Each structure stands twice: as structure tokens, then as C-alpha cells.
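Asker: Sequence and predicted structure below; questions after.
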Amino acid sequence: MSDDLYAAKLTIDLDVVAANYRLLQGRLDASGAKAGAAVKGNGYGLGARPVVRALHHAGCEDFFVAHPHEGVVVRDELPNVNIHVLNGPLPDAVDEYLNYGLTPVLNSLGDIALWRAAAKARDKRLKADVHIDTGMCRLGLDLTETETFLNDAEEYLDGIDLGLVMTHLASADVVESDQSARQLDLFKSAFGRLGRGTGSLCNSSGIFLGADYHFDIARPGVALYGGNPVPHLENPMSNPVTLEARILQIRHVDKPETIGYGATHPVQGARKVATVPIGYADGFHRIGSDTGFATIEGHKAPIVGRVSMDLITLDVTDVPGHLAKPGAMAEFLGRHRTPDDLAKDWQTIPYEVLTGLGPRYARTYKGAGA
């Protein structure tokens, strides 16, 4: 379908994604660790296929997905990389895991038993990772299961070719929390007792906690896509995403008029309002009503009134008239606004901003992997 049929567009610079990967790898180099990449959620909303091509071009060999069908997409692009399925094995899809070379993360003794039985039925060793929960209380062997597993690991791992032994940091981006240090101690103890496998602990934020957290393979996610892994500091990552929408109409308004649904924005005086075709159906949250701004050639245009399904209204009174006109592009992400900026406006996190980028944008990719 022609991009001319879209009034809003996303431009994704894959060279920036690759540069973010190399920056994170640089943080790991001194400890000898390697950076993998979390590409779940359709490459955090940016598009899994071009993203994995760009990351592989930058040197990435280990990719982490949530669901096996996401892993199939990665395998279709990259035949010779390691693909880890974080949510574990599905009992009716064992052969598909094997056919596509997907490595399940075993999150319970039940998962381990399932995979061990699959290996026995096929009379061969099957690759798998093991997840030990050290404080997230979500997926992974809990403390009781971990103790049971460690006391008889040889039996539990019969027929399993163990790859990664991992855990997941719960508070790595919370500078005042001591949870990461406690998780590190628990993981070091369990990993040491197991005495096998490849250690994997840190996410994007964990990379910045220091070499003790690096182990063998890191699993960065949001930082690759421009999210700040150290929210208490200036963001070291670069934003690869530009989101723009075309001005459809300019209106001149004055009191006592109101703007948008619910008449929530009363006009205080003569203003000029631009309407652009983007809304909550495109992943632009309704909580962003009357909050934040777009830019038009670098000039701020505050959002006024409620964000609706398909439209947003901008106050362009202070934007030069030759710039604020039908057909001009208003930028919501890019040089002047980052996913973290929108996350603050929406009282959420950049993960949700990025993964919510909808299908109604024309998408243009630049750089290696496009």
C-alpha cells in the first residue's frame, strides 16, 4: 500500500538501534560479557524483522522473545543465531521448537520434566535454558523449586543440553533499592552450586550496575530502542524513532468556544488550532489530553483538548503562520521529544509508549537492516 495513503508516519533509524547496541556492548567489554537483545513485542514496537537484522549486523547473536511465534519470525530472518523463548515450552509445540531451533527457558520443575520427557521420547539431548527466580515472583523456579533442583540437578537435567542459567532483576532502575544486590547474592549462590551453564542476569538497567552483574550474557531491551536505563541520570541512549502526523485543518477560535470532547478545554482568547490525524487508536494515550506538545519545525505546539480515537488538536498560535498550515508535519517523537518524555506525560514507562505504536502509520526504515 502506498505511503501516500497515510497521514501519519513513523521513521525508524536502525543505525541508531545498532549504535545503542554497541554502546551497551562497550559497557560489558571489560567484564568479557556479551550483549544479547530482547526483541519481544515486535521489536518493542519498532518492527522485529528490520530490528533483528540491524542488531545482528552490529554483532548480536542471542535474541530473546516472549512467545515461540515471535521466535519463528526471528529465525525466518536469521538462520544461525540463538533464539531464547522466555515464556518457556508449550507442551503441544515441542516439535515446532525443535524445527525452528528455539531454545525454551524452563521456568518450573514442570517445564523441566516436560523437556526431559521430550528428550527421552526423541532419544537425543535438547537445548534449554533454566530460569531461577530471585525476587520477581513471576516466572522462574521459586526458592523451594530451586533448592529441589540444585539438590538433584544431574537427574533433572538428564537429556537436557543446558545453555543459559538466568534470573531477572526486578528493581535495577531504582537507584535507592537494595533488591538488585540481594538478587545478585541469591543468583551467585545458586549458579555457583549448579556449576554449569552460562550465566545471564542483567537487563538494560542491570548493565549499568557494574561488572558484578554482567556474568556471561546480558539481555538489554528498552535501552536498545532509546529508553533511559538509568532514569536518575541523563539518558545515555539515542532515540531512533520519529513520529509525525500531517496537519489536516487550521481553525481560528475564541471564547466562549471549547475544544474537543467534553468541552474540557475552554478557549481563553483568540487562538489558532491545528487538527492532526493521530489518536488513541494509534497508541497515543488518551491520558495525554491537554498534556505535552508536538513540534512544528522546532516550534512547540501544545496539545489542547482531549485526545480522541483518530484526532489530536494542537495550539499553533505561536507557530509562524507559514509553518503551521495544512499539509505541514507535526512531530510527536523525534529530535525534541523522546519515548521517556511521552511516558512522563502519560504517567507510564517508555516500554508502553514504544510497544503501543499502532499499525496505522506508514513506516520507513533507515540504515543497515532496512
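Answerer: Structure received.

Asker: per-residue confidence at the nearest residue to K366 once chain neighbours are set aside?
Answerer: For K366, ignoring the flanking residues on the chain, the nearest one in space by Cβ to Cβ, 6 or more residues apart in numbering is D13 at 4.9 Å. Every residue, glycine included, has its C-beta placed from N, CA and C. pLDDT recorded at D13 is 98.

Asker: element containing V130?
Answerer: If you go by DSSP states H and E, V130 is part of strand 126-131.

Asker: brain fart, R75
Answerer: helix 68-77.

Asker: For the chain, which segments count as helices?
Answerer: With helices called from DSSP state H, the chain shows them at 14-28, 40-44, 48-57, 68-77, 94-99, 109-122, 143-151, 153-156, 179-194, 204-207, 339-346, 350-355.

Asker: of all those, which gets the most neighbours per residue?
Answerer: helix 204-207 (a mean of 25; mean count of other Cβ atoms under 10 Å).

Asker: May I ask you to confirm that H214 is in contact with A33?
Answerer: Yes: with contact defined as Cβ atoms under 8 Å, H214 reaches A33; the gap is 3.9 Å.

Asker: quick one, phi/psi of G327?
Answerer: Backbone torsions of G327, given as degrees, to the nearest 10, read phi 100, psi -20.

Asker: Please work out how many residues are found near it.
Answerer: A count of nearby residues for G327, using other Cβ atoms under 10 Å, gives 8.

Asker: That one contacts E244, correct?
Answerer: No: in this structure G327 lies outside contact range of E244 using Cβ under 8 Å: 12.0 Å.

Asker: Distance of the residue of the chain positioned farthest from its centre relative to G163?
Answerer: Using Cα atoms, centre = their mean, the residue of the chain lying farthest from its centre is P256. It sits 43.9 Å away. In this view, P256 and G163 are 67 Å apart by Cβ to Cβ, to the nearest Å.

Asker: D290 too?
Answerer: Remark: distance between D290 and G163 (Cβ to Cβ) = 50 Å.

Asker: The two: who's more crowded?
Answerer: The residue with more neighbours, out of D290 and G163, is G163; 19 against 16, by other Cβ under 10 Å.

Asker: what about that one, distance to R75?
Answerer: From G163 across to R75, the span is 16 Å (Cβ to Cβ).

Asker: tell me the contacts of the residue nearest the centre of the chain?
Answerer: Residue closest to the average C-alpha location in the chain (Cα atoms, centre = their mean): Y44, at 3.5 Å. With contact taken as Cβ atoms under 8 Å, 6 or more residues apart in numbering, Y44 is in contact with 38, 51, 221-222, 224-225, 351, 354-355.

Asker: Sounds good, over and out.
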